[in-house]
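S.K.: Sequence and predicted model, in that order:
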Amino acid sequence: MMEVVAHVYDVTNSGSEKANNTILHINRFFKDGIGVGGIFHSSIQVYGDEEWSFGFCEYGSGVFSCQPCKNPMYTYRESIVLGETTCSIFTVNQILRELSREWRGSSYDLFSRNCNHFCDAFCEMLDVPKLPAWVNRLANAGDAAMEVAEITAFKLQQAKAEIINASRVAYKFISGVGSNAPTTSEGPSDSGSVAARAQGTWFRNLFSNIGVKPSSSNSSFPEDFDDEEPEDEPSSSSSSSSSSSREK
């Protein structure tokens, strides 16, 4: 049995003393004052004098280690004993190798894949309780807010598509009324035609007032709602070569 300890830091790596002090005030208010949470970095220590955590890097694994409570990028806050693991040191090393392969530095995401998520995954494999909820509560709240925003955007996309489709149907109706309208004088038998023409006039006035014009595209969604991500920017070498060719 080996004790598993989480080390928690205030995230004060912005490079601005004013910003770092602001984060410290936020953490004191939300964590120390009302017990909700804050902006924290965390790591896990088990077997030996190293703590293990996860961070962003462009290439390779984002898993790294340093001396316990000595991470130079953050301000140490406190340590929390999470429990004891039955894993041997050999098993723990295997777990760390597996996590190092899975947790690439480029996959880091502030809301959904940060250092606290890594620590929870590590704890789960060690079969000990995860971090206290307050350590990552603000990130989880941000993740939930992002999910709500994405759902809302999708609903708006559906609504816009339905409006466009409805305008196409209305436009076809107007066109049909205009092409089939009789040119003779009105009589008792022409009441249906009169009503149709009146409806057509009303639709035309409606669209002219609100500026709605149906698209000629057969796509259900307009192009400005295309979900495809933009292509990567050209490399600096290709852009420099193209600029030099233009200069010539």
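M.R.: Received, thanks. Note that this is a predicted model, so its numbers are computed, not measured.
S.K.: Quick one: list the elements packing against whichever strand in the chain runs longest.
M.R.: Counting by DSSP state E, the longest strand found in the chain is strand 75-85. Counting contacts by 3 or more CB pairs under 8 Å, 6 or more residues apart in numbering; DSSP states H and E, strand 75-85 is packed against strand 2-10, helix 17-27. Where you see a C-beta, it was placed from the backbone N, CA and C, and this is true even at glycine.
S.K.: quick one, which of these is packed in tightest?
M.R.: strand 2-10 (a mean of 20; mean count of other CB atoms under 10 Å).
S.K.: what's the angle from that one to helix 17-27?
M.R.: On the basis of axes from the mean of the first three to the mean of the last three CA atoms, to 10 degrees, strand 2-10 is oriented at 120 degrees to helix 17-27.
S.K.: Start the count at 5 instead of 1 going forward.
M.R.: Got it, first residue is 5 now, which makes that one strand 6-14.
S.K.: Tell me where the chain has strands.
M.R.: Ranges of strands within the chain are 6-14, 44-49, 55-58, 67-70, 79-89, based on DSSP E.
S.K.: pLDDT weak spots in the protein?
M.R.: 143-160, 162-164, 166-167, 169-171, 173-252 (pLDDT under 70).
S.K.: Kindly recompute the last result at 50.
M.R.: Along the chain, segments meeting pLDDT under 50 span 146-153, 188-193, 214-233, 238-252.
S.K.: quick one, helices of it?
M.R.: 21-31, 93-106, 119-130, 141-184, 195-214, 240-251 (DSSP state H).
S.K.: So which of the helices and strands packed on strand 79-89 is nearest Tyr112?
M.R.: Among those, the nearest to Tyr112 by CB to CB is strand 6-14 (16.4 Å).
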